[in-house]
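Trainee: Here is a sequence together with a model predicted from it:
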Amino acid sequence: MTTNKINIALCADKNYLEPLETLLKSICYHNSQVHIYIIHTDIPKDWLVTQAKNLAKFNNQLSPIWLNEANPDIQRLNQKIMPNSLAINEIIKQLPNKLKHVNELTYARFLIPELIQEDRVLYLDSDIVVNASLTDLFNIDMRDYPIAAVEDYFLSNEKISHSYKMDIPAELKSCISYKGEEIFKPYFNAGVILWNLAKCHQENIVYNLLLAASYYQGVIYADQDILNFVFFKRWVMLDARCNVQANYEFTFLPLVTESPWIIHYITDRKPWIPEYKDETIFHPVYHHYKNLTWQSIQEYYLSKNL
């Protein structure tokens, strides 16, 4: 069923406020009737209040979710998912991460099916800008699959070897789809994920993800590997324009180059770091949205809706 309302989930901390606001600007430039949930650990309240006011000008809504055991919603989640364990926010600090440019909050996306009460939600990494309307993407037919995503350009390449030999204990056999005996492809990038939350609830996905991550401490690509373990060959493949992975080493297809819908600044070479500001043809696009004022975005929005 097609809907004009779009739900978006973001995860960030206070160290990402500039790229996070740039992402919000890019969303509002192209979209209205969007409900944005920000799962965070330490973003200042006054910053969140200011952004909520900015979003309201475009008929958009902001709902912060504080990832702290003092939050009653987190307490309820803890009792439901892992009642005899550490607090959820403490659990994710102990999950595997070998990537220097990623912190433990990357695992907060695992909690989306329990923290957000919607039928579906679009998760976006905070090192992203939106460059088009998200309506068509949000309303795709998910065919009863739990998620939809875009292939990871690098790890889906047939010349790249990325796989695991899996020791699967009995309690994990029903949690993960990848058994380690086959090629680990197709493999999706976790920066843009459309979640079918109703399906995820049926499968107890949050528990499955946390259990798998707790067990497999040797993964190379942190939460992304775990997500691919759990959803292996059980995801809808989105158009590549939905997650254009901006990396200086990649040669992009003309269609992606000319009309990216979502640009994702993967690796540690981010456009807001001065020495990388022109790293790819997509890095200046970040600065286009960053330099927009909220007033200019509102003027553009009003001109479209006259």
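Mentor: It's in.
Trainee: Strands of the protein, residue ranges please.
Mentor: Assigned by DSSP state E, the chain shows strands spanning 6-12, 34-40, 61-66, 120-124, 128-130, 147-151, 188-196, 235-237, 244-245, 262-264.
Trainee: ok, the fourth one: who's next to it in the sheet?
Mentor: This points to strand 120-124. When pairing is defined by DSSP bridges, strand 120-124 lines up against strand 6-12 (parallel), strand 188-196 (antiparallel).
Trainee: and the first one, average pLDDT?
Mentor: Averaging the model's pLDDT scores along strand 6-12 yields 97.
Trainee: Hey, what's the angle from it to strand 61-66? Just curious.
Mentor: 40 degrees (axes from the mean of the first three to the mean of the last three CA atoms, to 10 degrees).
Trainee: cool, the last one as well?
Mentor: In this structure, strand 188-196 runs at an angle of 110 degrees to strand 61-66, with the same axes, to 10 degrees as the basis.
Trainee: Sort out which residues of strand 188-196 are buried, please.
Mentor: For strand 188-196, the neighbour count (16 or more other CB atoms under 10 Å) marks Phe188, Asn189, Ala190, Gly191, Val192, Ile193, Leu194, Trp195, Asn196 as buried. Using the backbone N, CA and C atoms, a C-beta is placed for each residue, glycine as well.
Trainee: Tell me how far the helix ranked longest in the chain lies from the chain's centre.
Mentor: If you go by DSSP state H, the chain has its longest helix at helix 17-30. The gap between where helix 17-30 is centred and where its chain is centred comes out at 14 Å by CA atoms, centre = their mean, to the nearest Å.
Trainee: Show residues contacting that helix.
Mentor: 8, 10, 12, 34, 36, 38, 43, 47, 51, 54-55, 57-58, 60, 124, 126-134, 270, 272, 286, 289-290, 292, 294, 297, 300-301 (CB atoms under 8 Å, 6 or more residues apart in numbering).
Trainee: Mind doing that once more with 6 Å?
Mentor: 12, 58, 126-130, 132-133, 272, 289-290, 292, 297 (CB atoms under 6 Å, 6 or more residues apart in numbering).
Trainee: For the nearest residue to Ile266 once chain neighbours are set aside, give me the pLDDT.
Mentor: Leaving aside its chain neighbours, Ile266 sits nearest to Gln245 (4.8 Å; criterion: CB to CB, 6 or more residues apart in numbering). If you check Gln245, the pLDDT there is 92.
Trainee: Show the contacting residues for Gln245.
Mentor: Gln245 neighbours (CB under 6 Å, 6+ apart): Tyr153, His264, Ile266.
Trainee: Any chance of those residues in CSV with distance to Gln94 and neighbour count as columns?
Mentor: Shown next, in CSV, are the contacts of Gln245 (distance: CB to CB, whole Å; neighbours: other CB atoms under 10 Å):
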residue, distance to Gln94, neighbour count
Tyr153, 30, 20
His264, 27, 21
Ile266, 25, 21
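Trainee: Out of those residues, the closest to Asn97 would be?
Mentor: Ile266 (15.8 Å; CB to CB).
Trainee: how far away is that closest one from Ser26?
Mentor: Using CB to CB, to the nearest Å, Ile266 is found at 17 Å from Ser26.
Trainee: Could you do Asn68 as well?
Mentor: With CB to CB as the criterion, Asn68 and Ser26 are 28 Å apart.
Trainee: okay, those two: which has more neighbours?
Mentor: Per other CB atoms under 10 Å, whichever of Asn68 and Ser26 has more neighbours is Ser26, with 25 against 15.
Trainee: Relative to Trp261, how far out is the more buried one?
Mentor: 11 Å.
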